[in-house]
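Engineer: Got a predicted structure here, sequence first:
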Amino acid sequence: DKIPQISFFDSSASGGLSEKGSGQAVETAAEGREAAGTSADADPDAVRDRQRRTATLEQEQDQPGQPAARTPTATDLESLFEKNFARLDTDRDGFVSRQELAAAIASSEFKGDDAGLVAVLQSHRQELEELSNDEWGDEDDGITRADMRKFAQLLSQPEASGSERRLIDAINRELRDSWTSVSCANRQLFAEASDPLTSITPEAVRQGEIGDCYFLGALAALAATAPGKEAIRAMIKDNGDGTYTVTFPGAPDKPVTVTAPTDAELSRYARGSRHGTWPAVLEKAYGKYCNENNIDPHDGIQEGGDEKTGLEILTGGEVDRDILLFTSKETTHQKLVEAVSDGRPVTAGIYSEVGEPLGLSDGKTDNAGLPTAHLYTIQSYNPATRTLTIRNPWGKGEPTCGDGDNDGVFTMTLDEFYKNFSTVAYVEPKRS
């Protein structure tokens with residue numbers, strides 16, 4: 001049932017490189033041009049998108065009209081690394097290793113820009129440690145000062161290679177997204193503590209730098225339904241001491257206790273928002289559920305998964321998956337009507353293109369330019385017009401003909417849906 005599987009090769013929600021994927025998933029035309037080496041400052045679309053982000057940040061901070069603090073960029077990376085080197089290199093061997101970065105991500109000591117640094121270093125550790133030849137054999141002991149000096153030199157080299165340029169662009173995007181995530185985060189579990197259900201909304205779910213769309217897309221699907229909202233609230237117990245115990249409906253005999261998300265975790269994983277930290281808490285708990293022995297619980301999360309995995313653990317129900325190539329539109333129409341009417345979560349997936357794992361395709365659907373190898377949430381369905389409302393768990397990334405808001409939410413007719421998507425997964429009705 002896992003074949004064909006929705007696999008994640010471009011796991012970064014910001015469209016950059018990831019430790020387990022060397023491609024890039026371009027979520028908008030503007031960011032696609034930026035990834036190709038064109039300055040976003042010179043791109044009107046990117047400028048408008050940045051203005052929308054700034055306006056949103058001001059609104060979420062309740063400081064309309066106040067200038068936001070300067071977002072860190074790749075030019076700040078070396079100085080941030082030097083500032084934090086002693087704290088990161090805990091064994092004093094001159095290398096910042098994967099294990100040391102995992103400990104830093106799990107630590108609440110790294111805040112703000114320092115947390116963004118830690119997240120970026122972990123995301124791009126393999127690329128950064130290869131920059132200077134300062135190890136015997138393979139460059140795999142960790143990131144050094146020499147590596148960071150080499151990176152700083154790349155910033156001013158017009159002859160930087162395509163992969164080096166993509167690395168710089170990815171780090172710029174991730175530092176920006178990290179800063180926005182931490183700055184906007186409401187640190188309560190539910191922003192509206194007296195009425196948690198108002199905080200449980202798909203908008204709160206925004207994927208970070210790992211390929212767990214199969215979990216977060218499913219989580220947003222739950223948050224789009226009234227029964228799902230109640231289920232999410234019931235999953236999480238606030239222990240009152242900075243920890244939360246999560247009991248997944250798909251594993252009721254295996255409760256998991258995690259600490260509150262750190263700044264570095266909000267920088268690298270599920271993003272912070274004005275709605276509270278509940279998505280980040282559930283993602284962290286899922287990682288620990290998968291493997292409780294990691295320093296960073298998120299390391300237990302598999303990069304890429306199938307359509308059933310997230311829905312099964314989050315609901316405890318059985319999941320019915322249809323491959324659209326072999327499913328009539330009338331059947332899909334009827335199933336969508338029934339699922340939405342019942343308040344059952346529904347997701348939709350787009351398979352990777354042939355050659356995508358090898359970087360031989362652009363990672364977008366031919367019809368609407370949607371990111372491929374990705375799972376989406378179906379938020380609603382209008383049977384009268386046969387129109388689906390769909391959401392990208394990145395919280396951005398829409399069709400080339402989208403509404404321009406770049407909030408990840410868009411509509412498609414059933415005919416358009418069939419031209420772009422590969423599968424639909426429905427949580428089946430509970431058996432009486």
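Structural biologist: Good, I have the coordinates.

Engineer: drop to CA atoms for contacts and neighbour counts, all remaining ones
Structural biologist: Will do.

Engineer: right, and the helix or strand after the host helix or strand of Asp113?
Structural biologist: Assigned by DSSP states H and E, Asp113 falls within helix 112-123. Sequence-wise, the next helix or strand downstream of helix 112-123 (DSSP H and E) is helix 125-129.

Engineer: Relative to Glu203, how far out is Glu292?
Structural biologist: As judged by CA to CA, to the nearest Å, Glu292 and Glu203 stand 29 Å apart.

Engineer: Compare these two and say which one has the larger neighbour count.
Structural biologist: Glu203 (21 against 16; other CA atoms under 10 Å).

Engineer: quick one: the more buried one is in a helix?
Structural biologist: Yes. Under DSSP: H, G, I helix; E, B strand; the rest coil, Glu203 sits within a helix.

Engineer: Would you mind listing the residues in contact with it?
Structural biologist: Applying CA atoms under 8 Å, 6 or more residues apart in numbering, we find Glu203 in contact with Ala220, Gly395.

Engineer: One more pass at 10 Å, please.
Structural biologist: 220, 223-224, 273-275, 391-395, 407-409 (CA atoms under 10 Å, 6 or more residues apart in numbering).

Engineer: In helices, which of those residues appear?
Structural biologist: Counting by DSSP state H, the part of those found in helices is Ala220, Ala223.

Engineer: give me the low-pLDDT residue ranges for the chain?
Structural biologist: Counting by pLDDT under 70, the chain shows low-confidence ranges at 1-69, 135-139, 354-361, 401-404, 432.

Engineer: Using the three-state scheme, assign Asn294.
Structural biologist: Strictly by three-state DSSP, Asn294 counts as coil.

Engineer: Apart from its chain neighbours, what residue comes closest to it?
Structural biologist: Distances taken as CA to CA, 6 or more residues apart in numbering place Gly300 nearest to Asn294, at 6.9 Å, with adjacent residues excluded.

Engineer: Confirm for me that the one you found is in contact with Ile210.
Structural biologist: No. Assessed by CA atoms under 10 Å, Gly300 is found out of contact with Ile210, at 11.2 Å.

Engineer: what comes up buried for the top strand by length along the chain?
Structural biologist: Taking DSSP state E as the criterion, the chain has its longest strand at strand 374-382. Neighbour counts over strand 374-382 (16 or more other CA atoms under 10 Å) mark His374, Leu375, Tyr376, Thr377, Ile378, Gln379, Ser380, Tyr381 as buried.

Engineer: Distance to Leu314 for those residues - can I get that in JSON lines?
Structural biologist: Converted to JSON lines, the buried residues of strand 374-382 look like this (distance: CA to CA, whole Å):
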{"residue": "His374", "distance to Leu314": "19"}
{"residue": "Leu375", "distance to Leu314": "15"}
{"residue": "Tyr376", "distance to Leu314": "16"}
{"residue": "Thr377", "distance to Leu314": "14"}
{"residue": "Ile378", "distance to Leu314": "16"}
{"residue": "Gln379", "distance to Leu314": "16"}
{"residue": "Ser380", "distance to Leu314": "19"}
{"residue": "Tyr381", "distance to Leu314": "22"}
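
Engineer: just curious, which of those is nearest to Gly242?
Structural biologist: Closest approach between the buried residues of strand 374-382 and Gly242, by CA to CA: Thr377, at 30.5 Å.

Engineer: Kindly state the beta-bridge partners for the closest one.
Structural biologist: Thr347, Arg391 (DSSP bridges).

Engineer: Hmm, it is touching Leu222, no?
Structural biologist: Yes. The criterion here is CA under 10 Å, and Thr377 meets it with Leu222 at 9.1 Å.

Engineer: Touching both of these two, which residues are there?
Structural biologist: With CA under 10 Å, 6+ apart, Thr377 and Leu222 have common neighbours Pro202, Leu216, Pro345, Val346, Thr347.

Engineer: picking that back up, which of the contacts of Glu203 has the largest number of neighbours?
Structural biologist: Pro393 (33 neighbours).

Engineer: ok, it touching Glu209?
Structural biologist: No. Contact criterion CA under 10 Å: Pro393 and Glu209 do not qualify, at 11.8 Å.

Engineer: Whichever helix in the chain runs longest vs helix 112-123, what angle?
Structural biologist: Criterion DSSP H: the longest helix present in the chain is helix 162-184. Computed by axes from the mean of the first three to the mean of the last three CA atoms, to 10 degrees, the angle separating helix 162-184 from helix 112-123 equals 140 degrees.

Engineer: re earlier: so which of the contacts of Glu203 is the closest to Ile105?
Structural biologist: Lowest distance from Ile105 to those (CA to CA) belongs to Ser273, with 18.8 Å.

Engineer: picking that back up, possible to save the contacts of Glu203 as CSV with distance to Arg187?
Structural biologist: Listed next are those as CSV, based on distance: CA to CA, whole Å:
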residue, distance to Arg187
Ala220, 19
Ala223, 19
Ala224, 22
Ser273, 9
Arg274, 9
His275, 9
Arg391, 24
Asn392, 24
Pro393, 20
Trp394, 20
Gly395, 19
Asp407, 22
Gly408, 23
Val409, 25
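
Engineer: quick revisit: what helices or strands is the longest helix of the chain leaning on?
Structural biologist: Applying 3 or more CA pairs under 10 Å, 6 or more residues apart in numbering; DSSP states H and E, one finds that helix 162-184 contacts helix 29-35, helix 44-60, helix 77-88, helix 112-123, helix 125-129, helix 145-154, helix 263-268.

Engineer: List phi and psi for the nearest residue to Ala106 once chain neighbours are set aside.
Structural biologist: Spatially, and ignoring its direct neighbours in sequence, Ala106 is nearest to Asp296 (5.7 Å; CA to CA, 6+ apart). Dihedral pair for Asp296: phi -100, psi 110, per degrees, to the nearest 10.

Engineer: In this structure Asp296 contacts Ala119, no?
Structural biologist: No. Counting by CA under 10 Å, Asp296 stays clear of Ala119, with 11.8 Å between them.

Engineer: which neighbours do these two share?
Structural biologist: Common neighbours of Asp296 and Ala119 (CA under 10 Å, 6+ apart) are Leu101, Ala102, Ala104, Ile105, Glu265.

Engineer: quick one: which of those residues sit in helices?
Structural biologist: Per DSSP H, the shared contacts of Asp296 and Ala119 map to helices at Leu101, Ala102, Ala104, Ile105, Glu265.

Engineer: closest to Pro249 among those?
Structural biologist: Checking those one by one against Pro249 (CA to CA), the nearest turns out to be Glu265, at 24.3 Å.
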